[in-house]
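Novice: 3D model of this:
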Amino acid sequence: MNDRKHEVMPGTILLTLTYGKPGELGRTTEPKIYKAALQHLHSFSAVILLPLEIGVDLLKAPGISRARIQQSDGNFIDGAVRCVQQNYFELVEDPKPR
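Specialist: From the prediction side, this is the model:
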């Protein structure tokens, strides 16, 4: 993932989406770079993706269940997706092992 194809710059994220419920038939997308606004709130992260056309991908059946985000600083956020609307979704981060 360190090749130029997946170089995450400030203001962009590398996003992988999982459709369907865990343990059931579903699919996972190839990682793709998007311009994004990412806001970390108390219990979730709010994600707005650009371009607006991404909303079509977010709303595909059977629906997004999980997402993995690599930020420009190299950190990852993995978790369950909730509240999908057009180019916006909320990501509830998985608990970190202690």
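Novice: and stretch 53-71, how far from the chain's centre?
Specialist: Centroid separation for stretch 53-71 versus its chain: 7 Å, with Cα atoms, centre = their mean, to the nearest Å.
Novice: Stretch 60-80 too?
Specialist: On the basis of Cα atoms, centre = their mean, stretch 60-80 sits 3 Å off its chain's mean C-alpha point.
Novice: So for it, what gets flagged as buried?
Specialist: 64-70, 77, 79-80 (16 or more other Cβ atoms under 10 Å). The C-beta positions use only the backbone N, C-alpha and C, and glycine is treated the same way.
Novice: is it possible to export these to CSV including pLDDT?
Specialist: CSV is the format used below for the buried residues of stretch 60-80 (pLDDT from 0 to 100):
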residue, pLDDT
Ile64, 89
Ser65, 92
Arg66, 94
Ala67, 95
Arg68, 96
Ile69, 96
Gln70, 96
Ile77, 94
Gly79, 95
Ala80, 95
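Novice: What residues of stretch 29-45 count as buried?
Specialist: Under the neighbour-count criterion of 16+ other Cβ under 10 Å, stretch 29-45 has 31, 34, 36, 38, 44-45 buried.
Novice: Of those, which belong to strands?
Specialist: Of the buried residues of stretch 29-45, the ones assigned to strands by DSSP state E are 34, 36, 38, 45.
Novice: could the buried residues of stretch 29-45 go into a markdown table alongside distance to Glu24 and pLDDT?
Specialist: A markdown table is the format used below for the buried residues of stretch 29-45 (distance: Cβ to Cβ, whole Å; pLDDT from 0 to 100):
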| residue | distance to Glu24 | pLDDT |
| --- | --- | --- |
| Pro31 | 22 | 94 |
| Tyr34 | 26 | 92 |
| Ala36 | 28 | 93 |
| Leu38 | 28 | 90 |
| Phe44 | 23 | 92 |
| Ser45 | 25 | 92 |
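Novice: For those, which two are the farthest from each other?
Specialist: The largest separation in the buried residues of stretch 29-45, counting by Cβ to Cβ, is between Pro31 and Phe44 at 21.3 Å.
Novice: So what's the gap between stretch 42-52 and the chain middle?
Specialist: With Cα atoms, centre = their mean, you get 8 Å for stretch 42-52.
Novice: Perfect, I'm done here.
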